[in-house]
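A.B. asks: I would like the atomic coordinates for the input below:
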Amino acid sequence: MYCVMCRGGAQAVSSSSHRSTVAARALTAPEQGERMAVHRQLVAVTGGSGFIATHIIIALMNQGYRVRTTLRRLDRTDEVRSMLAQGGAAEPETVETVQADLTSDDNWDQAVDGATYVIHVASPTPATRPRGEAEMVSMAVGGVTRVMTAAKAARVRRVVLTSASGAIIAGHKRHPDLFTEEDWTNLNGRIDAYQRSKTVAERAAWQFSANEDLPLAVVNPVAVMGPVLGADFSHSNQIIQSMLSGKMPYLLRLGFDYVDVRDVADLHLLAMTRPEAVGQRFIATSGQNLTYLEEATILKDNLGTAARRVSTKEVPDLVVRLLAPFSPTLRMPATFLGRNTACSNEKARALLGWRPRSGEEAILATAKSLVELGLVGAGAKRR
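C.D. replies: Reported below is the predicted structural model:
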């Protein structure tokens, strides 16, 4: 089912291109020609209501691409367009939406029909995980297989997969000073269902790419922060919301790399268009590894009274390990206690010229947007 420029129902897809008159007037004649050439290209993005996917769509639309995205429910189309508008997308009302679910074969051919590129973002996350590990892995792998099968049939130029650092840094007995794209999560180690699902799904994507000769590039984001565009936001941003809301009275004694979602979106576009990106995976990280205590300090030093509920008290590792088996929110972080999680961004910087913001800037962008949207202390949905 397609929903193009509709309000509450599905309508036929319009084949005409849409351009912003205001934006076009601001461009020189050569620039207009270049924008029109790109604008005829359609990019299919899966999971359009998600935090990362929404920012990818914004980046694509602002570069002149047409975008079609998948949603599990078409009644969220207006919500997605509202988030796109909040993020400054050019002509957010022109995004096409198709109902498709990772667990069903329905509509994936329609979702990618006529697309030049496919960016596969949709996947179960720690905030939306099914109850069982096997189900989470099956959902992630099934989604990859369905999307790539449809992409192959549609003869797209390239697929870009959103994987995660969880497919790189988990399950190791010995951690290097810096993880790189050469590292893979150890599936035989002590890992969470999310990390397993990301690792197995990414390996399935590479296998499909090799078997079917389908060009593939992969982006592996670390903990993603940045501007929240609505009440539906990612599990990484939940950490900041919990701190600001006073719902995290004690901090875990561990650290992670952080990256701004806008830089993650930019890296996806580079992976989509640059010839040297084919067959490569890229860690999306600012290169800044921060502990929860350092995050809390950043908030308190920069947000004034908005950070008055932020705690700087830490909880002993032993307590976390004892509680983790009974707490879904602690289960994954507990596997990293006492472990290095720092990652390198050198490959993306050197090969693609990617230049990310600092982790501190990304964290503050999350916090300020949560405050501005009135989501601190609110019962917001999380994706």
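
A.B. asks: going by C-alpha atoms from here, please, whenever you check contacts or count neighbours.
C.D. replies: Noted.

A.B. asks: send the alpha carbons of stretch 310-317 over as CSV?
C.D. replies: Taking C-alpha atoms only, stretch 310-317 is exported to CSV below (Å, rounded to 0.1, in the frame of the first residue of the first chain):
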residue,chain,number,x,y,z
VAL,A,310,20.9,15.0,36.9
SER,A,311,22.7,12.7,39.3
THR,A,312,26.5,12.2,39.5
LYS,A,313,26.4,9.3,41.9
GLU,A,314,27.7,6.0,40.6
VAL,A,315,26.6,2.4,41.4
PRO,A,316,29.1,-0.3,42.1
ASP,A,317,29.7,-2.8,39.2
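
A.B. asks: averaged pLDDT, that stretch. What do you get?
C.D. replies: On average, the pLDDT along stretch 310-317 is 96.

A.B. asks: mind listing residues that contact it?
C.D. replies: Identification of contacts with stretch 310-317 by Cα atoms under 8 Å, 6 or more residues apart in numbering yields 243-246, 248-253, 293, 296-297, 299-300, 337.

A.B. asks: lowest mean pLDDT among the helices and strands of this protein, which one is it?
C.D. replies: helix 21-25 (a mean of 30; mean pLDDT, DSSP states H and E).

A.B. asks: returning to that earlier point: which PyMOL command selects the buried ones in the contacts of stretch 310-317?
C.D. replies: For the buried members of these, the matching PyMOL selection, counting by 16 or more other Cα atoms under 10 Å, is:
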select buried, resi 243+244+245+246+248+250+251+252+253+293+296+299+300+337
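
A.B. asks: looking at the contacts of stretch 310-317, which are in helices?
C.D. replies: M243, L244, L293, A296, T297, L299, K300 (DSSP state H).

A.B. asks: wait, is L214 part of a strand?
C.D. replies: No. Read with DSSP: H, G, I helix; E, B strand; the rest coil, L214 is coil and lies in no strand.

A.B. asks: could we number from 686 for the rest of this?
C.D. replies: Got it, first residue is 686 now, which makes that one L899.

A.B. asks: contacts only, for it.
C.D. replies: Applying Cα under 8 Å, 6+ apart, the residues near L899 are K837, R842, R843, V844, F893.

A.B. asks: show me which helix runs longest in this structure.
C.D. replies: Assigned via DSSP H, the chain shows its longest helix as helix 818-839.

A.B. asks: tell me the mean pLDDT for whatever helix or strand comes next after that helix?
C.D. replies: Going down the chain from helix 818-839, the next helix or strand is strand 843-847, by DSSP states H and E. Strand 843-847 shows a mean pLDDT of 98.

A.B. asks: repeat for stretch 1018-1032
C.D. replies: 91.

A.B. asks: ends of it, what's the gap?
C.D. replies: 26 Å (Cα to Cα, to the nearest Å).

A.B. asks: nearest to S767, of the ones in helices among the contacts of stretch 995-1002?
C.D. replies: L929 (24.8 Å; Cα to Cα).

A.B. asks: and R1042, what element?
C.D. replies: Short version, using DSSP H and E: R1042 is in no helix or strand.

A.B. asks: give the contact list for it.
C.D. replies: V944, D945, D948, S971.

A.B. asks: and the pLDDT for it?
C.D. replies: 98.

A.B. asks: distance check, it against V845.
C.D. replies: 22 Å.

A.B. asks: which among the contacts of L899 gets closest to E867?
C.D. replies: Looking across these and measuring by Cα to Cα, the closest to E867 is F893, at 19.3 Å.

A.B. asks: where does that closest one land on pLDDT?
C.D. replies: At F893, pLDDT is 98.

A.B. asks: circling back: top of the contacts of L899 by neighbour count?
C.D. replies: V844 (28 neighbours; other Cα atoms under 10 Å).

A.B. asks: tell me the contacts of the residue most central in space within the chain?
C.D. replies: Residue closest to the average C-alpha location in the chain (Cα atoms, centre = their mean): I737, at 3.2 Å. When contacts are counted by Cα under 8 Å, 6+ apart, I737 touches V806, V946, V949, A950.

A.B. asks: so for the first one, what's the nearest residue that isn't a sequence neighbour?
C.D. replies: Going back to what we said before, that points to V806. Of all residues not flanking V806 in the chain, T847 sits nearest, at 5.0 Å (Cα to Cα, 6 or more residues apart in numbering).

A.B. asks: just give me the neighbour total for that neighbour.
C.D. replies: 23.

A.B. asks: just the one 3 residues further on next, same as before
C.D. replies: The burial count assigned to S850 is 28, neighbours taken as other Cα under 10 Å.

A.B. asks: repeat that for the one 5 residues further on.
C.D. replies: By other Cα under 10 Å, 26 other residues sit near A855.

A.B. asks: that'll do, ta.
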